[in-house]
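S.K.: Sequence and predicted structure below; questions after.
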Amino acid sequence: MNSSSLATVDKFGNAAPRFKKRMMGLRQSENLQPGIVMLLVLFFCIYAGYRSGDFWSALNWQLLAQPLAEAGLVSLGMMFVIASGGIDLSAGAIIGVAAVTAGVAAHRNLPVPAIEAATLAAGLLCGAFNGILIGVFRLSSILVTLGSMILFSGIALAISDGNSFAGFPDGLLWWNDAALLGIPLGFLLFLATAAVAAVLLRYTLWGHYVIAVGSNRLAARYSGYPVALTVFGVYTFEGLLCGMTGILLVARLASARADLGQGLMLMAVAAVVLGGAPIAGGSASVIATLAGVAAFYIVQDGLLLLDVPPFVQRALTSVLLLVAVAVGNLLRGNRR
Amino acid sequence: MKSPGSLVRFGEDFYRHEMKLAALLLVLGMALAVAAPRFFSSANLALLARSMGVLLIVSVGMLNVILSGGIDVSAGAILAVVSVVLVRLGNHGLSASTVLPLGLLTGAALGAVNAALIAELRIPPIVATLGTAGLFRGLLLEWTQGEWESSIPAWLNAVGSPRWGGLDASVLAAALLMPAAAGVLHRTQIGRSLFRFGDSPVAAARTGISPRQPIYLAYVSLGILTAIGAVFYAAQLGAVQGNAANGYELTVIAAVVLGGADILGGRGSLLGTFLGVLLLCSLEQALVLLHVATFWQNIATGAVVLLGVILSTTERLRRRLLFQQSPSA
Amino acid sequence: MPSCALLEINAIWKYYGGTAALRDVSATLQTGQILALMGHNGAGKSTLVKILAGSARQDSGEIRVEGKVLPGGVRDARTAGIAVIYQDLSLFPKLTVAENIAGEPTGRLSYSFRAAKRAATASLERVEGHSPLLACLDRKVEELPLAMRQRVAIARALSYDSRILILDEPTAALSFEDTDHLLAYLRKLASGGVGVLFVSHRLSDVRRIADRYLILRDGTVALSAAPAEVSGNALARAMFGEAKENAAVNATRVAGQTQSGASQDVLTVRNVTRQGEFSNVSMTLRAGEIAVLTGLTGSGRTEFAEALVGLRRFERGDLQISGKPLSLSGPRSAMRHGLVYVPEDRLRSGLFARRSAAENLLGATEHLRARWGFLGKEIERAAAGISDFGIRCQGPDSALETLSGGNQQKALLARWHMAGAHVLVLDEPTAGVDISAKAEIHKRLREWAAAGAALLVISSETDEVLDLADRILAFHAGTLVLDCPRGEINREQLMAAMLHGAPQAEQVLAPPGGET
């Protein structure tokens, strides 16, 4: 079959300019977008710092670091999911399940490592549930995670009976209190995880498989890649990261409720997309995702310090997402 | 082949999914007849109908969007915005004949924003509507400052009050809108262009269907229908607030998908959507009657959605095996 | 009475970015004429087709249909009577055949399934008389086999009184029989006054049917002449601009330098059957040998090949690899035994279009060599493989989809070569590949076999079959009717075997279009 007439026509039937040679990195196809995003954020930081004295204070960044770490962990997981060509709408609900699991475990006065293990296991199991349906049964990820989102939130409500848990042992709250050289521990954990994720993505077989599956699932299968296993792994990994986020959240808020993760799913998707990854999959970059997460939180924080009303913050960060994606499209030459 | 009403099409296996769904409903109905016969009392059925009204109206719009191959997660935000607009303008003394058109216009405008982002800027639907959801919601919350509006104009209240044996205007509206929508979707060129575009945008472009037409049709119609739904939503609730209908779009999507619409576009029907809404609302109603706690509703709904997804996928696999196509992932 | 040409292309220029895709291209198509548009990838054929179809606009120059200038745009082209049948057919898979044929936007507001069906029936009867499509008007297009889908596409094009039919690589995926039907049909249409523009790589098809050649190279017209005026060499020169050995001409060359003598049996199947597809097939693949499997579509050869690698299951019979009886469950388990499947539709099922060339070569290398799942050196090896294999691209990082069809196929083959595959089933490896790349690929396949691999190549092109094979296998209606060394059979016998099930010398078919 003649390749050129098929390959360069996008969803709208437009031909990408045939003679424009695109240079693409081995993993990250959209090299420019995260750079542009960071540049915009930098300008914003300068502006915010100029307008508000507190912006560059150490306290500001310390306070920023923890929520950023939480969102960052989920975003890393979401990055793999999106790279594999799927999406996980249930991420927030998984965090909720993990959080209330921690609450129950704490309630039963289990030792801290046991609480942590239970929380991680809860996230892992939820992720595995998704992974089986999507990876092994090959169901649509949007539909499965839509259903599992409703299911998991119900489970979280059932476990917690609608209540909020409190009274967590100091060993757990340590995750929020401890800091190394002024950098909160949770943030360091996040950075370490990001490093691991980068290695996984670029240098391991599994990372290669994930990208291949997202790029062309059929070709991956015909090339003998373990597609089912790869996809299963992606969602399970995401579940694990949600569990970790649950621990950090609980440590920071010193309480656990079923709806704790609400909003983090959208944030994660937005961060990954902001970093330039195509929503259809086949491309991912840890740095780009980090840029996306940072962009959102820094901008939100800055807006807060600039006394922008909180609801408008939300509106503005949404606009940021839209602008970034539109610009990314332009750069990629999606328009005729 | 004769078509009994505008809700049905010819074709051998076109309605297989819908038939399965109907069978599932039958099973549910039988279970309820045994476990909670009160379900079938006229009072309860009226209540059920009332609970379905808004969801049906908005689902029709979401069906259009999904048929076009897209998705819209800002529907809840649009619903909230329009309901607040209606109530505030109404409370300011403007008459119904001014407020209602303005409300519809708002819905259409918000839908047009979505459509523009998708058609002009080529932003993928999930990202575009994720963004507009945050944008609309944020601006709305800013406008209402998170407060409730607990008094609504009298005419709005009247719209939502039950009459005709427990039914209200939302049921009537849905009953009128659904066949009309079916007529447009299945019987007009514009409606068919939606199917075509969702099925294969490339082929549609080559046929001369510019992507603008189906996209604007889909998202603006969703906006307008959501606005209509907002009227009844506000009327039934009796109060509105900035966080109204948070996550509502997911219920709508679940209903449409349960009804057999292909998330990739090009396949779906009004009948299926109706059955999907019926299933979800009946389930909720039944669980309430059985005095089941709220979270069980979530679990049950989630399980039903997953079941529906599994069912529809086995359908696709079965079809492929049957026609001996080359096996693909 | 001077009659103006049916279609006039006058001095068309088209730029994409800074590069000229078309440079001063002019041509004419007369009523009832079949014009073959040729040129290797990147020459501008697709661009020209898009301009004629109205989905792209030229930067300067004009198109005239029967003397009237075409303003541009899909609707105008349609109204003027131009219909394009793209390679990907551009049908609506989830809609029915009737809807695809007759459900076009007509400018009327309303739409009715019954009316569409009636219109489709009327159109089919008018154009074709008995059409097999009449029986499946209510079937969804995605359920039909490719050849039928193509007929739907053509029926659609004809349903609105097209006077100019443009077909883009219509025979690329068709079997002999279907190609024959198609070409005959096009002849019939042409004699009825339709002008046909036939874009193709396949010289054998083009030679059978073209009244005139139009060859593009690098965006300009390199040759515009009647077939009688053009020799094989002139043709090749026009397409490539330099003297190149035209591999297709050498049909009598004896293929392969494989050693005779004890070749070990690598893959054996005995009495394998899949109901409705093929029955009681037994064959052996030997190391160092290229076996070419051919047959008409529907003869069972594709299904058989897929079953060999585990994509379908044998209902009866057994499979042995290197003497070990096996039951394969899919490409992955096949790979574990060194058996690799190279699918026909390389972009859809073999390659990762948006990823880089180097990444596509990674393939399964790491599967065999990576330690602890780490890739490390593999990426460099992949990049090196690109130059080793003569894959022409902008560098190892360039996206695969920017490569020409031939280079893409080379990349796919390179991947498996580097992975050390030694039993390969290749389905139409040179489909959509230009002539020079085809020759290179043939060369590599021979080298591969000479190094000890066992290759089973599926091909529909008689030239290729005769050129490449050490052994020829032919399917007919689900059975293996031919299994013999290349030297023992000639073209006529081969075609007879495929068409009638036996290589009877009496039922000789005249070799198509001139001797090759």
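M.R.: That came through, no problem.

S.K.: what about stretch A:243-250, average pLDDT?
M.R.: Mean pLDDT, stretch A:243-250: 93.

S.K.: no no, stretch C:235-249
M.R.: Stretch C:235-249 comes out at a mean pLDDT of 52.

S.K.: Angles on the backbone of residue C:89, please.
M.R.: Dihedral angles phi and psi of residue C:89 (degrees, to the nearest 10) take the values phi 70, psi -30.

S.K.: Does the strand or helix carrying residue B:55 reach chain A?
M.R.: Residue B:55 belongs to helix B:42-67 when elements are defined using DSSP states H and E. No: Helix B:42-67 stays clear of chain A (Cβ under 8 Å from any Cβ of the partner chain), getting no nearer than 10.4 Å. To be clear about C-beta, it is placed using only N, CA and C from the backbone, and glycine gets the same treatment.

S.K.: so what secondary structure elements neighbour that helix?
M.R.: Contacts defined by 3 or more Cβ pairs under 8 Å, 6 or more residues apart in numbering or on different chains; DSSP states H and E place helix B:42-67 against helix B:75-91, helix B:169-187, helix B:189-199, helix B:212-237, helix B:248-258, helix B:270-289.

S.K.: is chain C contacted by the fifth one?
M.R.: No: judged by Cβ under 8 Å from any Cβ, helix B:248-258 stays clear of chain C, getting no closer than 15.9 Å.

S.K.: For that helix, which helices and strands make contact with it?
M.R.: helix A:141-160, helix B:42-67, helix B:75-91, helix B:270-289, helix B:294-322.

S.K.: One more: the third one?
M.R.: Contact partners of helix B:189-199 among helices and strands, from 3+ Cβ pairs under 8 Å, 6+ apart: helix B:42-67, helix B:169-187, helix B:201-207, helix B:212-237.

S.K.: tell me the centre residue of the chain?
M.R.: Picking chain A for this. With distances taken as Cα atoms, centre = their mean, chain A has residue A:75 as the residue nearest its mean C-alpha position (1.1 Å).

S.K.: that's the other chain; I wanted chain B
M.R.: Note: chain B centre (Cα atoms, centre = their mean) maps to residue B:59, 1.2 Å.

S.K.: and it, what does it touch?
M.R.: By Cβ atoms under 8 Å, 6 or more residues apart in numbering or on different chains, residue B:59 lies in contact with B:252, B:255-256, B:259, B:273, B:276-277.

S.K.: One more pass at 10 Å, please.
M.R.: B:52, B:66, B:75, B:174, B:178, B:181, B:222, B:225, B:229, B:251-256, B:259, B:261, B:270, B:273-274, B:276-277, B:280 (Cβ atoms under 10 Å, 6 or more residues apart in numbering or on different chains).

S.K.: Stretch C:396-404 and chain B in contact?
M.R.: No: using Cβ under 10 Å from any Cβ of the partner chain, stretch C:396-404 stays clear of chain B, coming no nearer than 15.3 Å.

S.K.: related to what we said a few turns ago, turn the helices and strands packed on helix B:42-67 into a markdown table, columns for mean neighbour count, mean pLDDT and distance to residue A:92.
M.R.: Formatted as a markdown table, the helices and strands packed on helix B:42-67 follow (neighbours: other Cβ atoms under 10 Å in any protein chain shown; pLDDT from 0 to 100; distance: least, Cβ to Cβ, whole Å):
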| stretch | mean neighbour count | mean pLDDT | distance to residue A:92 |
| --- | --- | --- | --- |
| helix B:75-91 | 26 | 92 | 15 |
| helix B:169-187 | 19 | 89 | 30 |
| helix B:189-199 | 24 | 88 | 28 |
| helix B:212-237 | 26 | 93 | 23 |
| helix B:248-258 | 26 | 89 | 11 |
| helix B:270-289 | 22 | 88 | 21 |
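
S.K.: Check for me that residue C:234 belongs to a helix.
M.R.: Yes: counting by DSSP: H, G, I helix; E, B strand; the rest coil, residue C:234 falls inside a helix.

S.K.: What about it, how many residues nearby?
M.R.: For residue C:234, the count of nearby residues is 14 (other Cβ atoms under 10 Å in any protein chain shown).

S.K.: From residue C:225, how far out is it?
M.R.: To residue C:225, residue C:234 is 8 Å away according to Cβ to Cβ, to the nearest Å.

S.K.: Quick one: closest of the helices and strands packed on helix B:42-67 to residue C:377.
M.R.: Among these, helix B:189-199 comes nearest to residue C:377, with 45.3 Å by Cβ to Cβ.

S.K.: what's the angle from the closest one to helix B:169-187?
M.R.: Going by axes from the mean of the first three to the mean of the last three Cα atoms, to 10 degrees, helix B:189-199 is angled at 80 degrees with respect to helix B:169-187.

S.K.: Looks like residue C:227 contacts residue C:207 (just checking).
M.R.: Yes: the criterion here is Cβ atoms under 10 Å, and residue C:227 meets it with residue C:207 at 6.4 Å.

S.K.: Could you double-check that residue A:323 lies in contact with residue A:40?
M.R.: Yes: in this structure, residue A:323 is within contact of residue A:40 by Cβ under 10 Å, at 8.6 Å.

S.K.: pLDDT score for residue C:252?
M.R.: pLDDT, residue C:252: 33.

S.K.: my bad, should have said residue A:205
M.R.: So, for residue A:205, pLDDT stands at 81.

S.K.: Pull the number of nearby residues for it.
M.R.: Look at residue A:205: counted by other Cβ under 10 Å, it has 20 neighbours.

S.K.: how close does residue A:57 sit to residue A:301?
M.R.: Taken as Cβ to Cβ, the span from residue A:57 to residue A:301 is 11 Å.

S.K.: got any residues that touch both of the two?
M.R.: Residues touching both residue A:57 and residue A:301 by Cβ under 10 Å, 6+ apart: residue A:63.

S.K.: Could you check which of those two is surrounded by more residues?
M.R.: Looking at residue A:57 and residue A:301 with other Cβ under 10 Å, you find the greater number of neighbours at residue A:301, namely 21 against 13.

S.K.: Spit out the contact partners of the more buried one.
M.R.: A:45, A:48, A:54-55, A:60-61, A:63-64, A:67-68, A:313.

S.K.: repeat that with 7 Å
M.R.: A:60, A:64 (Cβ atoms under 7 Å, 6 or more residues apart in numbering or on different chains).

S.K.: which SSE is it in?
M.R.: helix A:286-305.
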